[in-house]
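S.K.: mind folding the following:
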Amino acid sequence: MSNDFRIAAWLVEPGLNTVSRNGITAHLEPKVMEVLACLARHAGKPVSKEELLQTVWPNTFVTDDVLKRSISELRRLFEDDVRESRVIQTIHKRGYRLLVPVEPINGAQSTSPAQQSQESRKVGRNWRMLALLSGGLAALLVILLGALYLSSKERVSGKNADPQIRSIAVLPLENLSGDPGQEYFSDGMTDALITDLAQISSLKVISRTSSMQYKQTKKSLPEIGRELGVDGIIEGATQRSGDRVRITAQLIHGSSDRHLWASTYEGDFRDVFALERNVTEDIARQVQARLSTTDHRPALQPRQTNPTALEAYLQGNYHLNKFGRGSGVEEVRKASDYFQQAIDADPNFALAYIGMGNAHGVLPVSSREDWEIQRKAAEKARALDPNSSEAEAMLAPGPDNFDWSVAEQAYRKAIALNPSNAQARDDFCTLLAEGGRLDEALQECQIAQELDPNNDHLSGILYWRGEYDHAVAILQMMVERHPDDGGLHYLLFDCYVKKQNYKGAVDELVKTLMLYGFSEAAGKIRHTFAISSYRAALLQSAKEVEHLQANKQVYAPVNLADVYAILGDNDRAFYWLEQAYMHREMIATGEGATFIGVDPMLASLRSEPRFKDLVHRIGLPP
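M.R.: Presented below is the predicted three-dimensional model:
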């Protein structure tokens, strides 16, 4: 007995997962078809979300979002408007109702005695009509062939084809553990998915720094897709109970909000990276099926470690990612401690070494010891995982070892291992700019901006190129998104200085110092500008930064040289440039010594022999 049925003009065939109308056939995901079949069995009556979830996904953990995507896909198919539903009605906080009558096909539903008598009376009429119908078969055949031709033509043109996925964003996985303390786990799984998916060379994967900004967002998926410029969006959830872990994931076409795939994965906590690898491989298969060009799936290796090391690593990553988002250097120290615990528990855990290297690379004031820790950690990570893009980029020679060709090779290899590594491209952009290759640098920064659209990767290179108006436009837009980012405000200060917008420059410098926690220094600069002049305010700012540097609160010798160069005090400017060169092993809060060749603030010094000598010692092009 067939289970096929009609909904208005649509023929639904659950056994084939197809819905047809006017000779055009659409294929549904099996679970989407099950949702439709469940609604059809209760046509005209409300069906609760709980009943739908239990019927379609029995004994499987899924979120309401999976059901919402299925309903959205059905509405798209039936051309139904959620605001004025004609086919599927949403019952607020309860469930859904199929509004259109369902007509079973081929006796799928038993008939009443009255209906049987009515059918008997139809038999005679049907025999009499047979002769007439046979005469019209030829005409009907022509019509059907025409419909088939149009259907095949539409399929060729791609109207019924699955949408191609050339770019993707992984939204922060939702923590369904009921414990806010488990956020580090869901964030860690999000990071892992982004990193592994980025190994598909033909797929653009948005960086975590942009994706994580949509945590608990109220924006719709099409809106997010437009903002990030992606075809596909991955969303899902994690749930951890003791040593058991559950991960759900679904792939959605961004612009249409169309559900393409979903699955659930369960296992032991110690095997969580194996679970995550399975998620990545399944997503890769779904993406490859929708790519116009073939590509190999990521060559992923199982990453298994003991629970103590895994727990410490995830905690370390969580605290490291908090640094710079309203949290200070104490978060970096916590992260470093956790990464060390992970290494102690499992000395062969490559990701823990990457974390340790990153923790010692973001310190606002560092030492040669920090560089050594970072380098050794990166070397160990590369030995354990030769395909680590992060380790390769971290091993590019630092400012204490100016080897431009080796650094370029390291960045090119890091990008080859992970073409979607936005930070590696940004760092490579900086390296190229420092060497005077500004056009090549701009190309890399533009790619970094595409991979990480919610953060600024362009204003710096535009500033070095002298395109101040363009840089200001980008910075003003980014400041609206990240008003508490002191680095953005400082670069606005630089641009306003070059544009001779002196009030704007002082305002931005004051904001920068306030955001970095130096409110006393900011107040003195503001007061000096109010009672004196722009030059007096700049001189006051230099004295304040020198004081902070003497107390080891910042390290910004090139930035001090900038201010003194603007003031015309060349001797003091060269003093700080020499300090930057002599202590180049330290990580600068602001610009490092390698920036001096393209620093617009130092233009007045470039004709001096001592500047040319310094450029030669650093190894920059003349």
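
S.K.: wait, Asp231 touches Ser167, no?
M.R.: Yes. The criterion here is CB atoms under 8 Å, and Asp231 meets it with Ser167 at 5.2 Å. (Glycine included, C-beta is placed from N, CA and C.)

S.K.: how is this structure carved up into domains?
M.R.: Domains of the chain are assigned by automatic domain parsing as 5-104, 113-157, 167-291.

S.K.: and Leu458, what are its phi and psi?
M.R.: phi -110, psi -30 (degrees, to the nearest 10).

S.K.: again, but for Pro30
M.R.: phi -50, psi -40.

S.K.: thinking again about what came up before, okay, the domains of the chain in CSV with distance to Met514 and mean neighbour count next?
M.R.: Output for the domains of the chain, formatted as CSV (distance: least, CB to CB, whole Å; neighbours: other CB atoms under 10 Å):
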stretch, distance to Met514, mean neighbour count
domain 5-104, 40, 16
domain 113-157, 58, 10
domain 167-291, 23, 20
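
S.K.: so for Asp507, which of these sits nearest?
M.R.: domain 167-291 (26.0 Å; CB to CB).

S.K.: which residues touch the closest residue to Arg86 other than its chain neighbours?
M.R.: Excluding the flanking residues, the one nearest Arg86 by CB to CB, 6 or more residues apart in numbering is Asp80, at 5.8 Å. Residues near Asp80 by CB atoms under 8 Å, 6 or more residues apart in numbering: 74, 86-88.

S.K.: next: Leu491.
M.R.: With CB under 8 Å, 6+ apart, Leu491 has these contacts: 459-460, 463, 471, 475.

S.K.: hmm, which two among the residues you listed are most spread apart?
M.R.: Most distant of the contacts of Leu491, by CB to CB, are Gly460 and Leu475, 9.7 Å apart.

S.K.: more neighbours: which of the two?
M.R.: Leu475 (27 against 24; other CB atoms under 10 Å).

S.K.: ok, that one to Asp507 distance?
M.R.: According to CB to CB, to the nearest Å, Leu475 stands 13 Å off from Asp507.

S.K.: what's the overlap in contacts for these two?
M.R.: Contacts common to Leu475 and Asp507, judged by CB under 8 Å, 6+ apart, are absent.

S.K.: tell me which stretches of the chain form strands.
M.R.: Using DSSP state E, the strands assigned to the chain run over residues 5-7, 10-13, 18-21, 24-27, 47-48, 88-91, 95-98, 102-104, 167-170, 174-175, 204-205, 232-241, 244-253, 258-268.

S.K.: return the list of helices and strands in contact with the third one.
M.R.: It stands for strand 18-21. strand 10-13, strand 24-27 (3 or more CB pairs under 8 Å, 6 or more residues apart in numbering; DSSP states H and E).

S.K.: where does pLDDT dip in the stretch 151-300 of the chain?
M.R.: 151-162, 289-300 (pLDDT under 70).

S.K.: kindly recompute the last result at 50.
M.R.: For the stretch 151-300 of the chain, the stretches with pLDDT under 50 are 151-160, 291-300.

S.K.: residue boundaries of the helices in it?
M.R.: Per DSSP state H, counting those that start in this stretch, the stretch 151-300 of the chain carries helices over the ranges 183-197, 208-211, 221-228, 272-288.

S.K.: Leu67 against Val35, yeah?
M.R.: Yes. Leu67 lies in contact with Val35 (CB under 8 Å); the separation is 7.1 Å.

S.K.: who touches both of these two?
M.R.: Contacts common to Leu67 and Val35, judged by CB under 8 Å, 6+ apart, are 52, 56.

S.K.: isn't Gly267 right up against Phe273?
M.R.: No. Shown here, Gly267 and Phe273 do not form a contact pair, counting by CB under 8 Å, at 10.2 Å.
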